[in-house]
Structure formats: C-alpha cells, structure tokens
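# predicted model and sequence below, questions to follow.
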Amino acid sequence: MGKVFVGLVWAILAAGTIFIVSLPINLQTHLVLGGIVLAIMITMKLLRLGGTWRLIALALGTALVMRYVYWRTTSTIPPVSQLENFIPGLLLYLAEMYSVFMLFLSLFIVAKPLPSREARPVAQEDLPRVDVFIPSYDENSSLLADTMAAAKAMDYPADLVTVWLLDDGGTVQKRNSDDIPTAQAAQKRHVELQQLCADLGVNYLTRERNEHAKAGNLNNGLAHSDGDLIAVFDADHAPTRSFLQETVGYFKEDPKLFLVQTPHFFLNPDPVERNLRTFEKMPSENEMFYGVIQRGLDKWNASFFCGSAAVLSRAALTESNGFSGVSITEDCETAVELHSRGWNSVYVDKPLIAGLQPASFASFIGQRSRWAQGMMQILRFRFPLLKRGLTIPQRVCYMSSTLFWLFPFPRIIFLFAPLFYIFLDLQIFTASGGEFFAYTLSYMTVNLMMQNYLYGRFRWPWISELYEYIQSVHLLPAVISVMINPRKPTFKVTAKDESISTSRLSELSRPFFLIFAVLLVAAGVSIWRIYSEPWKADVTLVVGTWNLLNLILAGCALGVVSERREWTSTRRIKVNRRCEFGHGDSWLPATIEDVSVNGARVRVYAADTEKFVAQGESAIRFQLLSGDASGMLPIVVRNQIKEGDTFVLGCQYMRTAADHHRYVADLVFANPEQWSQFQAARRRNPGVVGGTIWFLQLAFYQTSRGITYLIRYLRGNDRQAAPQQNGAKS
C-alpha cells in the first residue's frame, strides 16, 4: 500500500511538472510559481526533511529548471537568418543545455545515494592472501619508505600479505639509457631501493622496459605474484592499520566482486585551498566526489577504480587480461571493462589512506589535464553508452563521469557570452531585460538550491564554478587536442611533494590576469552604455550583472594563481599520545601533540628539559599502535617554548634505520579515525545565502591579493622561484 501511495505521489508530480513546463503563462505568474517552489524547497531544507521529501523537493526544482529550458528553447534563440547573432546564440544555448543535462545525470546518480557501508568481518581461517602493489616512478626513497612501512604495519596476518614495490624508475631500459646521467640515476635508485626493500621486508620488482605506463607496471606485478586479492596504493598513499580489515570481507560475500574502492584523503591542501587558506575551514574539492558521487555510483553498481586506495580481485583481472592500458586513465578504463563483464564493485566511504596532492598550480593543472584527456579517451574508445554488458544505470553513470570533463567548453562560453553584447551589440539572447532577469534568476537560484540539497556539507556555493573556471582556461586546449588525436596523450606523472619557497605568481597565471582585465573593461563599458543608451538599459543591466558575476569569479581566481610561500608539503595532524623524551637512560614524561611526516610537536613535563635539549642528541619513545612493543625515534629539536612548567618542542625526525620509518608510519598513518574527525570538522553547510556572502568576501580579498602580486611582479620583486621538488609523484 505504501508503494502504491508513493507511486501515486510521483505520478501527480510528473503530471504537474509537464503542466507547469508547457503552460503559456505570463512573466508575473512565472515569478509567483517560482517563488512558491523556492519557498517550499527552503522550508523543506530548514525542517531537514529527508527521504521521500528530499526527492519531492528536487522534483519541484527540476520542474522549474524544465520551465526555463522550455522558455529558452521556444522563445530566446536568435533567427537563423541573422548568423552573427544565431551562431554565438546557439553556442550559448548548447552550453546551457549541457549544464542542464549534467544536472539531470547528477540527480539520477546522487538524489538518494547509498548510506556508508559497515565493515564485513571475516573469520581468520577464511582470510584471503593479499598482494600489496606500490607502483613507483621517481619518488624519493624516504617517501616510499613511509608508504611501505605503513603497508607492512597493516593489521593482517603477516603470512597472508606480501608488499611489492613496483619500481618503474629503475628498469633495465633506464639503467642502460644512452643518456649517461639518466642511466646513472636509475642504477643508483635501483640499488638504493633494493636495499631499502630488504630492510623493510618488501619485495622489490622492476621490469625490462617502461611500457604502457602505470598499467604496464601493475600488470608486471600481477605476473610475478599470486595473491587472491590485489591492494593498490600510490607511492604517496600510506594506508592505515585497518585498511585490509575494512575491505577484504566484501569479497567473501560476493564471488563476483572485482573492486572495493575507498576515498583518497590528502594531508596537504591543493593550490586552491593553500592560496585561499580554506583547507581547515571548507571541505576539499575531492570530497564531493568521494563523499557523495561515489556513494551514488555505488547504488547503481558503478563505483569505479580510482587508481589507488583500492582492493581488486585477481580472478577478475585475469579475466580482463590485467589492467587496461588503452587510455592514460587505466583505473576507470579497467572498471568499465570489468563491469561490462558482469563483475561488481563496492565503495567504502571511510578514509583509510593519507596521501599528497599537487601543491603548485602548474602541477595541479597537469594532473587534471591527464584526467580530462584520459576520460575523453574512454569516451572515444570504450563509449560506455553502447558498451555491451553494462546495465542501463551503469551506462548513465559512466557517461556522466566521462562527459563531465567537457565542462571547459560551456564554462568558457559562459565567461565570454556577455561580451558579445557589451562590446559588439550582438543580440544572442532574444528576450527583454525583464524576461531575461526573471527566468535566469529563478533558474540560477533553484540550481543553487538543488546543489545545496545534493552536496550541501561537501561543496559550498560557487566553489564548483571557481574550480571549473581555473581549470577550463588550460584544460580546453588539452581536451580539444585529444578529440583531434585521441591516441596522442601519454601518461605523465604528477609532481606532488613540492614546497613553494617564495611567494610568486604561477607560471600559468598570465591568461587569468588578461581575462580579468577584459571583464573589468566590459564592466566599465556596461555602466557607460546604461547611461548613454537608456532605451536598452534593462538588457544592458542584466547582461552587465552577468559579466559582474564572471568578474568576481575571475578576481577570486587571481588569488588562486598567486602562490603563497609554504615550506612544508604536509600539514600537522593533531594527536594526543603519551611518550618519553630523552636519551640513553634518562627519560622525561611527555605528550606528542601533533605530527607530520617530517616532525612532531612534543610537550615535555619537566623543568630540566633545557639541559636535555642542550645535549644535542635526543629521541622520543612511545607505545606502538601495532602491538605491545615500543618505538624509539631519533629527533633534532628545532625550537622550544616554555609554557608554565612545561616545554613545547618542535622536533624533526632523524630517520637513520628502517625501523624509524615504521615508527613514523605508526605516528602519522596508523589511526584512521583522525582522518574522519578532520573531515567531519570542516563539513558544514553554510546555506546558499551564507555561502554566497562568504564567497563574495573571499573573492574581493583574493582579487586585491592577486593584483598586489602582479604589481610586485611588474616591479621586479617577484623572483619567480620554481617549486622545490622532493620527488613524490604518482
């Protein structure tokens, strides 16, 4: 009976939607209906109504969006006889329809995502054998040691897990290169990593040639191992102790399961978060994907492999001849192939690894260019919509994931469309100023409301637009190039473990200042035209407001490309672990208050702490989370502050033995709850109004900061120092 009632409600809503969309109503009536719909959606949001009520609110919003689409299609496109108006007008219309289409795909995927899954315990005698693959190219040994030590420390029977370092930086091909410095570096790396792996109890594996990039490296690991499951971690993705306990149990439940994917959690901010100072305040960009979209995909058995932080079935990979390597995004391509063969996937929404992401804007754009080009290759070579074996929902999900990367086209069109009217007086939108304002305002408002419903705690208002804009300027040529020649792109590693030693403008910043200048001039022209052409003031005012929104977005982007100086590649994580500080037979009671991969903050409870520090060599001794044993980690005290009866010490690790990497991994990576707590602390929903006000304040400040950096650069005070590279890539 309940299902019948729900079906009846949805039938009434569908009929009402069609009626509202096609009804020939005047402007005032449209505004009244739009106001009623928005009022209902706001009321439902304030009352925190979920479940079916949430779907009803989204359905009402969809009705208003469809009303806008109907009006745009039937009333606003310029006549074909006026090609100078029709061509840019049609491009703008297609850009808007792309956005609406992607909104509808998003609604299908995430309107009601699966709740977070619980871990599936497995009896000790049923635990599968696991091979852990850590593919590497040119990362430094210290970073690799931390990841390998964390992998070795996972809470899993030692006789059932084998950790492999898959080194593509020490291949025979590289060691025999005609370029002598390259050959020498590869040989040195080969010897160094072999010894490091021996010290840590990890299997070292390289190959003859660097073929098929990461996919080829992983397939070489498959050929030399025999575990039932394959866990994959990027070189900078260190797992928590519970990673395997939280993931392998799903394979016992479903013999056709090929993948358990977990989210990617990052210790450091991306360049947007770093330069805007939002890392601790606002959810990261990737949290919308891992916190909402992947759970939505999981509902339709379409959660896909993300290249790391995942466990895969060897049986499934054997059926597909290993990891796919046609595109440069081997992870998603492999998932498409295995889903089409009837295999299933699971997404576990719990951060169980901690990694690094690009710090510089140039590295960030390089990474996103690879993702965009790889997804375009999948769209071209695999074309999920017609891929035999996929279910209809899976086809929709994969089309959404690939078509998303076409966003540079509409984003650039939205940016420059107002300029056609402001500078050239082209009529690319045939409507009065009142109609334009009423329909567009209601559409934009309901769009923001629907995004808030879908992603409220995970994505704040206008942040998606900012990320899309800063990427579009440089991704557009990359996407066009792969469309022209889909086999041209090659896999390029992404620089990550960087530090920005000097405040400077990014080497990719020039287009953003040029665009800002053009939009600023357009704003001035708009004001002039309002006064000089009063008979067009309504249209000019609306188009000028559109341009002003673009100008605010472009101004905020100036802050993104103005790189702040930051020496460290990772942020400190707050902890509370008892320890002892000292050396030899002399130890003082202390507490570790925060940690990073390079050092720790230690509070010592003793008045004679200064004497210990003055003696030079020191260490911290603490209980390991992996058992009853304790670890002693050598440190150098870089600074000290007296606070009452205690001393707060800033310490740097001195890793001189393999065990020291294990101790650092235990301090930094072992506990998964610290990642969940950090994410939860910044996941709040400011609302559409509050989020918009916050963004406006942010944009005005970042505009002034960007202009300041530009002035400094023009005066010759910006040394344009390149990011310092510590070797971490993936």
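All right, it came through fine. Numbering: from 1, shown residues only.

# OK, contacts around the residue nearest to the spatial centre of the chain?
The centre of the chain sits closest to Asn286, judged by CA atoms, centre = their mean, with a distance of 2.7 Å. Applying CB atoms under 8 Å, 6 or more residues apart in numbering to Asn286 gives the contacts Pro263, His264, Phe266. For glycine as for every other residue, the C-beta is placed from the backbone atoms N, C-alpha and C.

# and the residues you listed as a markdown table, adding pLDDT and secondary structure?
Putting the contacts of Asn286 into a markdown table (pLDDT from 0 to 100; DSSP: H, G, I helix; E, B strand; the rest coil) gives the following:
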| residue | pLDDT | secondary structure |
| --- | --- | --- |
| Pro263 | 96 | coil |
| His264 | 96 | coil |
| Phe266 | 93 | strand |
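
# nearest to Thr278, of these?
Thr278 lies nearest to Phe266 out of these, by CB to CB, at 13.5 Å.

# list the contacts for the closest residue to the closest one other than its chain neighbours?
Nearest residue to Phe266 in three dimensions, chain neighbours excluded: Gln357, at 4.6 Å (CB to CB, 6 or more residues apart in numbering). Counting by CB under 8 Å, 6+ apart, Gln357 touches Phe266, Asn268, Pro269, Asp270, Phe364, Gln367, Lys496.

# count of neighbours near the fifth one?
Summarising burial for Phe364: neighbours were counted as other CB atoms under 10 Å, giving 25.

# cool, Ile413 as well?
Residues lying near Ile413 (other CB under 10 Å) number 18.

# what helices or strands is whatever helix or strand it lives in leaning on?
Ile413 is part of helix 408-424 when elements are defined by DSSP states H and E. For helix 408-424, the helices and strands in contact under the criterion 3 or more CB pairs under 8 Å, 6 or more residues apart in numbering; DSSP states H and E are helix 83-110, helix 463-484, helix 510-532, helix 537-560.

# wait, which of those helices is closest to Leu205?
helix 463-484 (31.6 Å).

# please identify the buried residues of that closest one?
Across helix 463-484, burial judged by 16 or more other CB atoms under 10 Å covers 463, 465-476, 478-479, 482.

# by how many degrees do that helix and helix 510-532 diverge?
120 degrees (axes from the mean of the first three to the mean of the last three CA atoms, to 10 degrees).

# tell me which residues are up against helix 463-484.
The contact list for helix 463-484 (CB under 8 Å, 6+ apart) reads 272, 282, 285, 288, 361, 365, 368-369, 372-373, 376-377, 380, 405-409, 411-412, 415, 451, 488-489, 508, 511-512, 515, 553-554, 556-557, 560-561, 695.

# next one: stretch 433-450
Against stretch 433-450 from outside (CB under 8 Å, 6+ apart): 27, 30-31, 34, 37-38, 41-42, 45, 58, 61-62, 64-65, 68, 71-72, 75, 103, 107, 429, 431, 461, 537-543, 546, 688, 692.

# could you flag which of these are buried?
Buried, going by 16+ other CB under 10 Å: 30-31, 34, 37-38, 41-42, 45, 58, 61-62, 64-65, 68, 71-72, 103, 107, 429, 431, 461, 538-543, 546, 688, out of the contacts of stretch 433-450.

# may I have the phi/psi pair for Asp131?
Torsion angles at Asp131 (phi, psi; degrees, to the nearest 10) stand at phi -100, psi 130.

# and what of Asn685?
Per-residue torsions, Asn685: phi -110, psi 110 (degrees, to the nearest 10).

# picking that back up, give the buried subset of the contacts of helix 463-484 as a PyMOL selection command.
Typed into PyMOL, the line below selects the buried ones among those, using 16+ other CB under 10 Å:
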select buried, resi 272+282+285+288+361+365+368+369+372+373+376+377+405+406+407+408+409+411+412+415+451+489+508+512+515+553+554+556+557+560+561+695
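
# you'd agree Met148 is up against Cys197?
Yes. Counting by CB atoms under 8 Å, Cys197 is a contact partner of Met148 at 7.2 Å.

# now, the contacts of Gln357 that are in helices?
Counted as lying in helices by DSSP state H, out of those, are Phe364, Gln367.

# show me which of the contacts of Gln357 is closest to Tyr713.
Each of the contacts of Gln357 was checked against Tyr713 using CB to CB; the closest is Phe364, at 20.1 Å.

# can you list the strands that the lengthiest strand in the chain pairs with?
Taking DSSP state E as the criterion, the chain has its longest strand at strand 630-643. Looking at strand 630-643 with DSSP bridges, its partner strands are strand 618-623 (antiparallel), strand 646-653 (antiparallel).

# between these, which one is closest to Leu90.
For the strands paired with strand 630-643, proximity to Leu90 was assessed by CB to CB; strand 646-653 is nearest, at 60.4 Å.

# just the C-alpha atoms of the closest one, please, in PDB.
Extracted in PDB, the C-alpha atoms of strand 646-653 (Å, rounded to 0.1, in the frame of the first residue of the first chain):
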ATOM      1  CA  THR A 646      56.200  22.600  30.500                       C
ATOM      2  CA  PHE A 647      58.400  22.900  27.500                       C
ATOM      3  CA  VAL A 648      56.900  22.700  23.900                       C
ATOM      4  CA  LEU A 649      59.500  21.300  21.500                       C
ATOM      5  CA  GLY A 650      59.400  21.500  17.700                       C
ATOM      6  CA  CYS A 651      61.100  18.300  16.600                       C
ATOM      7  CA  GLN A 652      62.400  16.900  13.300                       C
ATOM      8  CA  TYR A 653      62.700  13.200  12.800                       C
END
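
# list the buried ones in it?
Here strand 646-653 shows Thr646, Phe647, Val648, Leu649, Cys651, Tyr653 as buried, counting by 16+ other CB under 10 Å.

# now tabulate these in CSV and tack on distance to Leu259.
Shown next, in CSV, are these (distance: CB to CB, whole Å):
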residue, distance to Leu259
Thr646, 49
Phe647, 49
Val648, 45
Leu649, 44
Cys651, 40
Tyr653, 35
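
# any idea which of those residues is closest to Ser313?
Of all these, Ser313 sits closest to Tyr653, with 37.5 Å by CB to CB.

# ok, the closest one touching Val668?
No. Counting by CB under 8 Å, Tyr653 sits too far from Val668 to count as a contact (10.0 Å).

# contacting residues for Glu643?
By CB under 8 Å, 6+ apart, the contact list for Glu643 reads Arg603.

# can you give me the distance of it to Leu551?
Here Glu643 is placed at a distance of 47 Å from Leu551 (CB to CB, to the nearest Å).

# and what of Ser320?
Taken as CB to CB, the span from Ser320 to Leu551 is 49 Å.

# more neighbours, those two?
Taking Ser320 and Leu551 together and counting by other CB under 10 Å, Leu551 has the greater number of neighbours (21 against 15).
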